[in-house]
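Colleague: Let me see the structure of the following:
(chains A and B)
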2 protein chains.
Amino acid sequence: MSAGAPRRLGRRPGQSETREQILAAARTLFAEKGYEGATVRGIAREAGVDPALVHHYFDTKERLFIATMRFPADPSKILPQILEGPREEVGRRILREIMRAWADPESRAPVIAMLRSAMTHERAADMMREFISSAILHRVAGSLGVPPLRVEAAASQMIGALIFRHVLRVEPLASISDEELIDLLGPVIQRYIDGP
Amino acid sequence: MSAGAPRRLGRRPGQSETREQILAAARTLFAEKGYEGATVRGIAREAGVDPALVHHYFDTKERLFIATMRFPADPSKILPQILEGPREEVGRRILREIMRAWADPESRAPVIAMLRSAMTHERAADMMREFISSAILHRVAGSLGVPPLRVEAAASQMIGALIFRHVLRVEPLASISDEELIDLLGPVIQRYIDGP
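Modeller: Reported below is the predicted structural model:
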């Protein structure tokens, strides 16, 4: 490529940054205003881009919401780490990964925003259910060979603990260390996985 | 009392009904609009009473919120039933009482409204924490002689299950019978109570 070629025809380093910028703005606004309250226009303003660009990258507000709903950690990256190692410690490994993913307020914000939207709008609850079922629960159940019901029970314990620890901040649950929390919940998650 | 005495000086059957009417309206509006979005004026309108009457019964919106936050079942009534009977089945008894209290959409609505508000407003989270700590968690911990941390873990499992079953409606967790749910969660609640 000659030095005189227009930059825009070369590598476009701005593209994925813009997408991330929109996602970050969407997370903020969904968290603040819920699914219905947040608008594409408002998200575009927060991201400092034209609303048409939001539609270009994510099509609809619904798809943008689904994109922001992804767990702070990528399930397809975490899953192999969870499966590797002794089966009798898989409960503790799951908890450790989840604790790591939720340690940072910014990284747990999307999960809390998702829950809040689900509690307000049936449609958002449908979307969250579809997402966690296909992206997480069924995948974990399949990989571990555990009935979905037991994986759901384990996931419900982790979501409940997230709420008590980081939203309600019930003491002493809010202040114990991650290791103490793993000691407390680990045997329970393991029990769900091992079966009755 | 002579037949000619004004009715309003006799028993006043309308008073507690009015209070209940205001509470029901408040539950509906807090559920729909959250703590900040709901106004005393809006609640009064929903209840079909004058806003002054809302202030007369509940003083502030904050106190009204606390009044609506009460669990669908009265902890002081449920607790003796939970404590009565074999210690090794207390987990199942707690679950059975909670399932009974949450079976009806109307009776679980305040708990869900409370959670939603807590996820949106730090002040509401403070209030919910204060309420469940003093009215439920500490009382149960004291009565059972179990460390608060373990009671909180058990409560977080029940709140997580409530969300998965009735808000997200994750299948099959949403459709199993109360008895199947008690079989699934009972040993875990019992484990928290029995200790490590």
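Colleague: switch to C-alpha atoms for all contacts and neighbour counts from now on
Modeller: Will do.
Colleague: Which helix or which strand is home to the closest residue to chain B within chain A?
Modeller: Of all residues in chain A, A:Gly160 sits closest to chain B, at 4.0 Å by C-alpha to the nearest C-alpha. A:Gly160 is located in helix A:148-162, with elements delineated by DSSP states H and E.
Colleague: again, but for A:Leu185
Modeller: Short version: A:Leu185 belongs to helix A:178-194, going by DSSP H and E.
Colleague: Mind listing what's buried along that helix?
Modeller: A:181-182, A:184-194 (16 or more other C-alpha atoms under 10 Å in any protein chain shown).
Colleague: Now flag whichever of those is closest to A:Glu89.
Modeller: Among the buried residues of helix A:178-194, A:Gln190 lies closest to A:Glu89 (C-alpha to C-alpha), at 7.2 Å.
Colleague: Please identify the residues of chain A in proximity to chain B?
Modeller: Within reach of chain B by C-alpha under 8 Å from any C-alpha of the partner chain, chain A has these residues: A:32, A:112, A:116, A:118-120, A:125-126, A:128-129, A:133, A:148-150, A:152-153, A:156-161, A:163-164, A:167-173, A:184-185, A:188.
Colleague: Can you name every helix or strand that the helix holding A:Gly160 contacts?
Modeller: With contacts taken as 3 or more C-alpha pairs under 8 Å, 6 or more residues apart in numbering or on different chains; DSSP states H and E, helix A:148-162 sits against helix A:138-144, helix A:178-194, helix B:148-162, helix B:178-194.
Colleague: could you say what helices and strands the first one packs with?
Modeller: When you say that, I think you mean helix A:138-144. Counting by 3+ C-alpha pairs under 8 Å, 6+ apart, helix A:138-144 packs on helix A:75-83, helix A:148-162.
Colleague: Please identify the deepest-packed of those helices.
Modeller: helix A:148-162 (a mean of 24; mean count of other C-alpha atoms under 10 Å in any protein chain shown).
Colleague: which outside residues touch it?
Modeller: When contacts are defined by C-alpha atoms under 8 Å, 6 or more residues apart in numbering or on different chains, helix A:148-162 is touched by residues A:95, A:137-138, A:140-141, A:188-189, A:192-193, A:195, B:153, B:156-161, B:163-164, B:170-173, B:184-185.
Colleague: can you check stretch A:81-96 too?
Modeller: Stretch A:81-96 is contacted by residues A:97, A:143-144, A:158, A:178, A:182-183, A:185-190, A:193 when judged by C-alpha under 8 Å, 6+ apart.
Colleague: Any chance of those residues in CSV with distance to B:Val54 and pLDDT as columns?
Modeller: Formatted as CSV, the contacts of stretch A:81-96 follow (distance: C-alpha to C-alpha, whole Å; pLDDT from 0 to 100):
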residue, distance to B:Val54, pLDDT
A:Glu97, 48, 87
A:Ser143, 55, 87
A:Leu144, 55, 89
A:Met158, 39, 95
A:Asp178, 45, 93
A:Ile182, 46, 95
A:Asp183, 47, 95
A:Leu185, 43, 96
A:Gly186, 47, 95
A:Pro187, 48, 94
A:Val188, 45, 95
A:Ile189, 46, 95
A:Gln190, 50, 95
A:Ile193, 50, 93
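Colleague: So, low pLDDT: which residues of chain A?
Modeller: Across chain A, residues meeting the criterion (pLDDT under 70) sit at A:1-13, A:34-36, A:70-77, A:135.
Colleague: Can you pull the domain assignment for it?
Modeller: Using automatic domain parsing, the domain parsing of chain A gives A:15-68, A:71-194.
Colleague: First-to-last residue distance for the first one?
Modeller: To tie it back to what came earlier, the one meant is domain A:15-68. Domain A:15-68 has an end-to-end distance of 17 Å (C-alpha to C-alpha, to the nearest Å).
Colleague: Kindly report the same for stretch A:126-145.
Modeller: Taking C-alpha to C-alpha, stretch A:126-145 runs 25 Å from one end to the other.
Colleague: Buried residues, that stretch. List them.
Modeller: In stretch A:126-145, counting by 16+ other C-alpha under 10 Å, buried: A:127-129, A:131-133, A:135-141, A:144.
Colleague: Pull out the buried residues from the host helix or strand of A:Met119.
Modeller: Using DSSP H and E, A:Met119 sits in helix A:105-120. For helix A:105-120, a neighbour-count test (16+ other C-alpha under 10 Å) marks A:108-120 as buried.
Colleague: which among the residues you listed gets closest to B:Gly42?
Modeller: A:Thr120 (18.6 Å).
Colleague: so what's A:Asp194 up against?
Modeller: For A:Asp194, the contact set (C-alpha under 8 Å, 6+ apart) comprises A:Val146.
Colleague: which residue packs closest to A:Gly160, ignoring adjacent ones?
Modeller: B:Gly160 (4.0 Å; C-alpha to C-alpha, 6 or more residues apart in numbering or on different chains).
Colleague: same thing with A:Ala141?
Modeller: Closest residue in space to A:Ala141, ignoring its immediate chain neighbours: A:Pro148 at 5.4 Å, by C-alpha to C-alpha, 6+ apart.
Colleague: Name the SS class of A:Pro172, please.
Modeller: Following DSSP: H, G, I helix; E, B strand; the rest coil, the label given to A:Pro172 is coil.
Colleague: Tally up the residues packed near it, please.
Modeller: Look at A:Pro172: counted by other C-alpha atoms under 10 Å in any protein chain shown, it has 14 neighbours.
Colleague: so how far is B:Arg139 from the residue lying closest to it once chain neighbours are set aside?
Modeller: Nearest residue to A:Pro172 in three dimensions, chain neighbours excluded: B:Leu149, at 5.9 Å (C-alpha to C-alpha, 6+ apart). In this view, B:Leu149 and B:Arg139 are 13 Å apart by C-alpha to C-alpha.
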